[in-house]
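Engineer: here you go, sequence then predicted model.
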Amino acid sequence: MTAADRERGEAVVAALHAIHPARHLFLPADLSLLADTDRVATLIAASTRRLDAAVFCAGVLSTIPEWTEEGLERALALNYLSRFLLARRLIPLLRAAPSGRLVLVANAGRYKDSLDFDDLQHRRGRRGLAVSGRTQFANDLLAVELAERLIGTRVEVTCVFPGVTRTEVFRNAVGLPRLVRLAVPLLQHLIRQTPEEAAETPAYLAGDERATGTNGMFFGPRRKVIAVPERASNPERRRLLWEASEALVAPYLANAEGTGGVAAARPSAGSSPAEAA
């Protein structure tokens, strides 16, 4: 488990240990920084020979762009680029499992395509929901792209919208008016689900053998299958995002063993999925 808040992370690990006295490992990290994300991937690889599942759910809701010390727009780095880098680094460990599962917790098809590849860091972009929305759509493209690249392997990739949940996401949002940040949690408390309920679908996809055969699928709350929107399957948009992402994380892949465990390109006409993977 990784999180930026050491105290809260260690409390969760202690609670897990009380339920099941296995070896629970907490790695504190700021996943809005690629250097920290890469460090986590290195520590995971040093700690285990295989991963049965990885659930990527760190994120932030922001309506104003901010930039990290690495020069990356924070919402893009935390909500998407950290996941791209972790996937590239950890897929070899997932491929070593009998049935590797990679679960992207995002918004699963709910946002339009607002990615601007001429301004991926949103330096010229406007404030508003597009700051976070474009990062959620990037997860849609990543899920479809990874699923296709991993055809013929034992790894399955899914994307999940867990539903509006009774958490601090709106209270901690960046850029929302104070009145909205205060009012929305009250509404959540009245009508929406608990974190335990929201976690049910990602946990099912990560660990239930009945979820075998879900590669490339999108899900909503209560395991509801969501149709993958055509915009998320667009091969040109997927290619552009993959190439831009690889360029940004290239320094962290150069010294890592292998190439991230995925095909260098999508399966071409005439090639088998296994050959491409």
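Structural biologist: Arrived safely, thanks for sending.

Engineer: what about G125, which SS state?
Structural biologist: Three-state call for G125 (DSSP: H, G, I helix; E, B strand; the rest coil): coil.

Engineer: quick one: pLDDT of it?
Structural biologist: G125 is assigned a pLDDT of 90 by the prediction.

Engineer: excluding its backbone neighbours, what's nearest it?
Structural biologist: Leaving out its chain neighbours, the residue that sits closest to G125 by CB to CB, 6 or more residues apart in numbering is D119, at 6.0 Å. (Each C-beta comes from the backbone N, C-alpha and C, glycine too.)

Engineer: do you know how far that neighbour is from L34?
Structural biologist: Applying CB to CB, to the nearest Å, the value for D119 to L34 is 19 Å.

Engineer: the two: which is more packed in?
Structural biologist: Neighbour tally, D119 and L34, criterion other CB atoms under 10 Å: the higher count belongs to L34, 20 against 11.

Engineer: who touches the more buried one in this structure?
Structural biologist: By CB atoms under 8 Å, 6 or more residues apart in numbering, the contact set of L34 is E70, L72, A77, L81, S82, L85, L248, V249, Y252.

Engineer: swap the cut-off to 7 Å and go again
Structural biologist: With contact taken as CB atoms under 7 Å, 6 or more residues apart in numbering, L34 is in contact with E70, A77, L81, L85, V249, Y252.

Engineer: also D140?
Structural biologist: A108, G109, C159, A232.

Engineer: neighbours of T135, just the number please.
Structural biologist: Other residues near T135 come to 29 when the count uses other CB under 10 Å.

Engineer: the helices in the stretch 51-200 of the chain, which residues?
Structural biologist: Using DSSP state H, counting those that start in this stretch, the helices assigned to the stretch 51-200 of the chain run over residues 74-76, 82-95, 130-149, 178-191, 195-207.

Engineer: turn the ones you listed into a markdown table, columns for mean pLDDT and distance to R101.
Structural biologist: Below are the helices of the stretch 51-200 of the chain laid out as a markdown table (pLDDT from 0 to 100; distance: least, CB to CB, whole Å):
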| stretch | mean pLDDT | distance to R101 |
| --- | --- | --- |
| helix 74-76 | 96 | 25 |
| helix 82-95 | 97 | 7 |
| helix 130-149 | 96 | 12 |
| helix 178-191 | 67 | 28 |
| helix 195-207 | 94 | 5 |
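
Engineer: out of those, which gets nearest to G216?
Structural biologist: Set against G216 and scored by CB to CB, the helices of the stretch 51-200 of the chain come closest in helix 130-149, at 3.4 Å.

Engineer: so how far is the closest one off the chain centroid?
Structural biologist: In this view, helix 130-149 has its centroid 9 Å away from the chain centroid, taken as CA atoms, centre = their mean, to the nearest Å.

Engineer: what segments of this structure are strands?
Structural biologist: Using DSSP state E, the strands of the chain run over 2-3, 27-28, 53-56, 100-105, 155-160, 218-219, 225-226.

Engineer: what's the third one packed up against?
Structural biologist: Translated: strand 53-56. Here strand 53-56 touches helix 82-95, strand 100-105, helix 195-207, going by 3 or more CB pairs under 7 Å, 6 or more residues apart in numbering; DSSP states H and E.

Engineer: go again using 10 Å as the cut-off
Structural biologist: helix 82-95, strand 100-105, strand 155-160, helix 195-207 (3 or more CB pairs under 10 Å, 6 or more residues apart in numbering; DSSP states H and E).

Engineer: any buried residues in the third one, and which?
Structural biologist: The neighbour-count check on strand 155-160 (16 or more other CB atoms under 10 Å) flags V155, E156, V157, T158, C159, V160 as buried.

Engineer: need the pLDDT of the third one.
Structural biologist: According to the model's per-residue confidence, V157 sits at a pLDDT of 98.
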